[in-house]
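A.B. asks: dropping a prediction and its sequence here:
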Protein chains: 2
Amino acid sequence: MKLTSKGRYAVMALVDLARFDNINPVSLRDISLRQGISLDYLEQIFSKLKKNEIVKSIRGTQGGYVLNKSPNDIKLTNIFHAVDEKVKTVQCKKESKKGCNGKATKCITHNLWDELEIHINTFFENKSLKDLLNNNKETRV
Amino acid sequence: MKLTSKGRYAVMALVDLARFDNINPVSLRDISLRQGISLDYLEQIFSKLKKNEIVKSIRGTQGGYVLNKSPNDIKLTNIFHAVDEKVKTVQCKKESKKGCNGKATKCITHNLWDELEIHINTFFENKSLKDLLNNNKETRV
DNA sequence: ACATACCTGACTAAAATGGTCAAGTTTAGA
DNA sequence: TCTAAACTTGACCATTTTAGTCAGGTATGT
């Protein structure tokens, strides 16, 4: 079980964005430089964040991205969902013969994964961008 | 973020084993049939479970595997650890220029992943095989 | 007009995943 | 003692996912 870097980058980029978007939109180029994330990759990520209305884009010179909601209203759940970083515990193959369906034992551990999923999602639902901002204020240069 | 089927199979197999090992050792062939898991794959998994002293093996005809501890003492943490199903949230590349080390911002989200890891591991540490057994008694045929 | 910045989609190398296959060794029981 | 059941080990492999890169765009402020 692991967290992919796409989800990680999304969070890092948004925290970065949240810090700097007070006055002007923030360009991906700046985020790329500050966070050490490939610009091309960032573009993919922000495309998804935009589709999910987490950020707004402003084109042209001096353009960039801006948060579309207050940091307090952007939960980690939203971010991960936007970039397809799902908490997949188990897919008991939907139509399969084996696994959850066919057998008498019926995927003994089914309940377990449900519980785990809830456990993790609760964590993400209770964390917002704002929490991360506060958390890191002292490390700001 | 996802749970691999290796970890899932390990748990399923051990629950199965725990149910049937009262008198005789349980052969992987039986588990394979009951749970619909490839025998060859089970062998890989049990090899690791044995190295981690979660099960014992008995060779020869009528041989098989037996739990090495009481179900109450086998936590999910132990199982996942045995089959290398780690909760990896983030590796801030150890010696890397980018990411956590070089930059002034210093991996803004570091604390977050630590918290998450603790959150998940707590869940696994508090779940034992016995919990799963009780949980599923009613579904037993 | 032109540089800056967003936008889009195709492509790809490398790693992880989810196994299979082959060739054993050990031991109970006929 | 012979043999079949069962564990043991390690190599191998196809597919999928990941983590990007590349190559083109399009929009817009100055």
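C.D. replies: That came through fine. Residues are numbered from 1 along each chain as shown, chains lettered A, B, ... in the order given.

A.B. asks: so which elements touch the helix or strand A:Asp131 falls within?
C.D. replies: A:Asp131 is part of helix A:129-135 when elements are defined by DSSP states H and E. Helix A:129-135 sits against helix A:5-20, helix B:110-125, with contacts defined as 3 or more Cβ pairs under 8 Å, 6 or more residues apart in numbering or on different chains; DSSP states H and E. C-beta: built from backbone N, CA, C; applies to glycine.

A.B. asks: the first one vs DNA strand D: in contact?
C.D. replies: Yes. Helix A:5-20 reaches DNA strand D (Cβ under 7 Å from any atom of the strand) through A:Ser5, A:Lys6.

A.B. asks: that helix and chain B in contact?
C.D. replies: Yes. Using Cβ under 8 Å from any Cβ of the partner chain, helix A:5-20 comes into contact with chain B via A:Gly7, A:Arg8, A:Val11, A:Met12, A:Val15, A:Asp16.

A.B. asks: so which of the residues you listed wins on neighbours?
C.D. replies: With neighbours taken as other Cβ atoms under 10 Å in any protein chain shown, the top of the residues of helix A:5-20 next to chain B is A:Met12, carrying 27 neighbours.

A.B. asks: that residue and A:Gly36 touch, don't they?
C.D. replies: No. Using Cβ atoms under 8 Å, A:Met12 makes no contact with A:Gly36, being 9.2 Å away.

A.B. asks: below-threshold pLDDT in chain A: ranges please.
C.D. replies: For chain A, the stretches flagged by pLDDT under 70 are A:1, A:89-107, A:135-141.

A.B. asks: residues in it within reach of DNA strand D, list them.
C.D. replies: Residues of chain A lying close to DNA strand D (Cβ under 7 Å from any atom of the strand) are A:4-6, A:38-41, A:43-44, A:58-63.

A.B. asks: contact residues of chain A facing DNA strand C?
C.D. replies: A:2, A:25-29, A:40, A:43-44, A:46-47, A:50, A:57-65.
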